[in-house]
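Engineer: sequence first, then the predicted structure:
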Amino acid sequence: MDFSTFVLLFSGLIVLIVGGNLLLKSAVSISLKFNIPKILIGMTIVSLATSAPELIISLKSALIGSPDLAISNVVGSNIANIGLVLGLTILFSPIKISNNIYKIDWPIMMFSALCFLITILDGIINIYEGGILVCFLVITITFLIKHQEKSEEDIDLEVKPEDSLLKSTILLFFGGAFLYLGSEWFISGAINLASSFGISERIIGITLVSVGTSIPELVTSLVAVYKKEKGISLGNLLGSNIFNVFAVLGITSIVTPLVVGDSNIINFDIYVMLFFAFIILPLIFVPKKFILGRIEGVFMLSFYIFYVYNLFV
């Protein structure tokens, strides 16, 4: 790997993270000004904002003729969100599970994962399937809004509506601009890396790109745990996985159909994603009921490391 590829990757990732952070804080600040309930912000606004890098990366990858990179980015991000991000989060601090997590949030995430499986089995996600996924996104958000109206649960967010609406809007604009610029550099670096070492776009997407775009989720979750805001930590991860499928895949395939080039995505990776999505439910009840702790964290991280290791052997 030459120095320019390293510079593209590193600088692109930094700009992506800065852009995602600006987008996240400004979006939450604007939402708070409009008195949107905080638990709803955690499941929708925060999740959408932290999924923005995945959306930009997948869109640009598909448009330049690299659909495997676009698809594997979503698959890898959903795997990394559970195996890596959640695994690390609960390794640092156990999370107490509320009823909403396994009664509402997890079933919606599992449903989105199954939708992903069904749409990709024939090797293509076309414009019609993309439209269906986006419709499910609208239905999901509508359901969460209606459910929130009946819930008294609330959480604290690190962002407060101190900035003016104009300032928040300007920061939102710059966040989006940084995301676009960072994605340009990051994708170029990732494709150069794949070419230099003869690695497939699938493996680059599942490992380097997906971990890079999952950094906002990791930072958000660790900060939430540090500040004792564990509800938004887990809600953000589940919500991000849902939006990766319904929003990222849905919007990308509407713009341009996604044709799978590497059959390993269909024959293997998608089932690993389903495994990580499913495993959360039994771990909520075993070994300690309604607690995701350090044992579960080691379990998730071990499976994630084993999966990534086997991609290269």
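Structural biologist: Nice, I can see it.
Engineer: where in the stretch 201-313 of the chain is pLDDT low?
Structural biologist: Residues of the stretch 201-313 of the chain that meet the criterion pLDDT under 70 lie in 216, 220, 224, 227-233.
Engineer: ranges for the strands of it?
Structural biologist: 258-259, 291-292 (DSSP state E, counting those that start in this stretch).
Engineer: and for the last one, what are the contacting residues?
Structural biologist: Strand 291-292 is contacted from outside by 86, 90, 94, 95, 96, 97, 234, 280, 283, 284, using C-beta atoms under 8 Å, 6 or more residues apart in numbering. All C-beta atoms are positioned from the backbone trio N, CA, C, and that covers glycine.
Engineer: what pairs with it, parallel or antiparallel?
Structural biologist: In the sheet, strand 291-292 lines up against strand 95-96 (antiparallel) (DSSP bridges).
Engineer: coming back round to it: can I get the contacts of strand 291-292 in a markdown table with neighbour count and distance to residue 36?
Structural biologist: Formatted as a markdown table, these follow (neighbours: other C-beta atoms under 10 Å; distance: C-beta to C-beta, whole Å):
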| residue | neighbour count | distance to residue 36 |
| --- | --- | --- |
| 86 | 29 | 25 |
| 90 | 27 | 28 |
| 94 | 18 | 29 |
| 95 | 23 | 24 |
| 96 | 12 | 24 |
| 97 | 21 | 24 |
| 234 | 26 | 20 |
| 280 | 23 | 26 |
| 283 | 21 | 31 |
| 284 | 18 | 28 |
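Engineer: among those, which are in helices?
Structural biologist: Taking DSSP state H as the definition of helices, the contacts of strand 291-292 contribute 90, 234, 280, 283, 284.
Engineer: for residue 277, see how far away residue 114 is.
Structural biologist: Residue 114 sits 9 Å away from residue 277, taking C-beta to C-beta, to the nearest Å as the criterion.
Engineer: pLDDT value on residue 78, please?
Structural biologist: Here the pLDDT value assigned to residue 78 is 95.
Engineer: just the C-alphas of the helix or strand containing it, formatted as CSV.
Structural biologist: Per DSSP states H and E, residue 78 falls inside helix 67-80. The C-alpha trace of helix 67-80 is given here as CSV (Å, rounded to 0.1, in the frame of the first residue of the first chain):
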residue,chain,number,x,y,z
PRO,A,67,-22.2,-2.7,-5.7
ASP,A,68,-20.3,-5.3,-3.6
LEU,A,69,-18.7,-2.5,-1.6
ALA,A,70,-22.1,-0.9,-1.1
ILE,A,71,-23.8,-4.1,0.0
SER,A,72,-21.0,-5.5,2.1
ASN,A,73,-20.7,-2.1,3.9
VAL,A,74,-24.2,-2.5,5.2
VAL,A,75,-23.7,-6.2,6.0
GLY,A,76,-20.4,-5.5,7.8
SER,A,77,-21.8,-2.5,9.6
ASN,A,78,-24.7,-4.5,11.0
ILE,A,79,-22.4,-7.3,12.1
ALA,A,80,-19.9,-4.8,13.6
